[in-house]
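Peer 1: sequence and computational prediction follow.
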Amino acid sequence: MDELQEMREQMAALKEKLSKQEIVSEQLMLQIVGKKLKREIIAAWVLGVMIVGLIIASWVLSLTNLAQVEWGRLIYDVAMTTLMLIMAIKPLSMIKLKDVRAGKLVDVAKQMKRAQEYETGRGRWVWWMFALMVLGNLVLKFVTENDVDMYLVFFWLIAILVVLIRGKIRIKKGKTFYKSAWEKEIEQIEEIIRLSKEEEAEK
Amino acid sequence: MKQTEKEFAALVKEQKSTIYSICYMFSKDKEEIDDLFQETLIHLWQGFEKFRNESKIETWVYRVTMNTCISMDRKEKRRGERIPLAVDIDLFDENDKDMEQVQMLYKRIQKLGLFDRAIIMLWLENLSYDEIGEIVGISAKNVSVRLVRIREQLKKQ
């Protein structure tokens, strides 16, 4: 018998087994949805408030000390926080929520791949610039003995930690996701598309 | 219970076997099925009110379930709390003679890549090439090419 037809029969056996099971009651269903959603929403808010709070705090500190800080340093501070914003938002903005919701697996996979490439490719230079700026600020702190800078360094270091943790999780996700499955899958899909185009051209 | 909740519960009741069987094919153990099933429920709930009948509701359920099974970061989700489902049978019990057919199917499907696994699962649910293509985001023609390759791959096993 053809393998696929045989599998259809096996699937029917599985469905038969499952149809006799309750699996999930209405009460259990609502419990699952309620608990998990609540936790996810709280986590998203805590992270969001932390990041936005840190950015605003570092900007406010820069601006309130305008009289004491040179213009060069102010631009430098603003550049720092802007870089941090880019690193936090840019890769996420590359994944279109519309496609995630629509379940367009291939499109989402490609977008995630681009986001991962950004973080480990071009994005890597942003990280280096970021690290150099923090190091530069620390050196300046010891040279100029300006107390205000220490607050900024403190905020920036926490902000870097937050972004790093988020970045690490995303990169790790990306690696697991692509190296194990999607990279290969996308190649195969592209090959099929190429082959079907060739077939059409031959016709 | 609110009207939306009632409608949602009715939908899950109707589609439970399909959702559970897809989760089973993408899992390694019972706990993982529970994780995937619960994650799928959440995604279905999140999208339920926004569902505008642009496609059949069954197609939408397949799409959400497949997407969840393929993209879920299991390790991360496992840290969270899991509520045990009310399933008496153990689909991973190899000593159960009644389950032989189911396990044979599981072993065959497990040997395929994630994307092929999604396509074959949808084909086993008797969906047309157009519907499968719409769900996974490729053309119907590519679905047929892909199925031919899957068939060849299964013959080699």
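Peer 2: Ah, there it is. Numbering: from 1, shown residues only, chains lettered A, B, ... in the order given.
Peer 1: once you drop chain neighbours, what's closest to the residue most central in space within chain B?
Peer 2: Geometric centre of chain B, nearest residue: residue B:22, 2.5 Å, by C-alpha atoms, centre = their mean. Closest residue to residue B:22 apart from its sequence neighbours, by C-beta to C-beta, 6 or more residues apart in numbering or on different chains: residue B:65 at 4.9 Å. Where C-beta positions appear, they are placed from N, C-alpha and C, glycine not excepted.
Peer 1: who's in contact with that neighbour?
Peer 2: If you count contacts by C-beta atoms under 8 Å, 6 or more residues apart in numbering or on different chains, residue B:65 has them with B:18, B:19, B:22, B:23, B:40, B:44.
Peer 1: need the residues you listed in a markdown table with pLDDT, can you?
Peer 2: Output for the contacts of residue B:65, formatted as a markdown table (pLDDT from 0 to 100):
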| residue | pLDDT |
| --- | --- |
| B:18 | 91 |
| B:19 | 92 |
| B:22 | 92 |
| B:23 | 92 |
| B:40 | 89 |
| B:44 | 88 |
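Peer 1: give the contact list for residue 19.
Peer 2: Using chain A. residue B:17.
Peer 1: right idea, wrong chain: chain B
Peer 2: Applying C-beta under 8 Å, 6+ apart, we find residue B:19 in contact with B:12, B:37, B:40, B:61, B:65.
Peer 1: who wins for neighbours among those?
Peer 2: When neighbours are counted by other C-beta atoms under 10 Å in any protein chain shown, residue B:65 leads these with 29 neighbours.
Peer 1: any stretches of chain B with poor pLDDT?
Peer 2: For chain B, the stretches with pLDDT under 70 are B:1, B:52, B:73-82, B:157.
Peer 1: tell me how far the residue nearest to residue B:109 when sequence neighbours are not counted lies from residue B:6.
Peer 2: Sequence neighbours aside, residue B:25 is the residue nearest to residue B:109 in space, at 4.9 Å (criterion: C-beta to C-beta, 6+ apart). Noted for residue B:25: a distance of 30 Å to residue B:6, by C-beta to C-beta, to the nearest Å.
Peer 1: for those two, indicate the residue with more neighbours.
Peer 2: residue B:25 (24 against 11).
Peer 1: my read: the residue nearest to the centre of chain B touches residue B:67, true?
Peer 2: No - applying C-beta atoms under 8 Å as the test, residue B:22 and residue B:67 come out as separate, 10.7 Å apart.
Peer 1: what about the contacts of residue B:65, which are in helices?
Peer 2: Among the contacts of residue B:65, DSSP state H puts B:18, B:19, B:22, B:23, B:40, B:44 in helices.
Peer 1: can you show me the helices along chain B?
Peer 2: Shown for chain B, the helices assigned by DSSP H span residues B:3-25, B:30-48, B:57-71, B:74-78, B:100-110, B:114-124, B:129-136, B:140-156.
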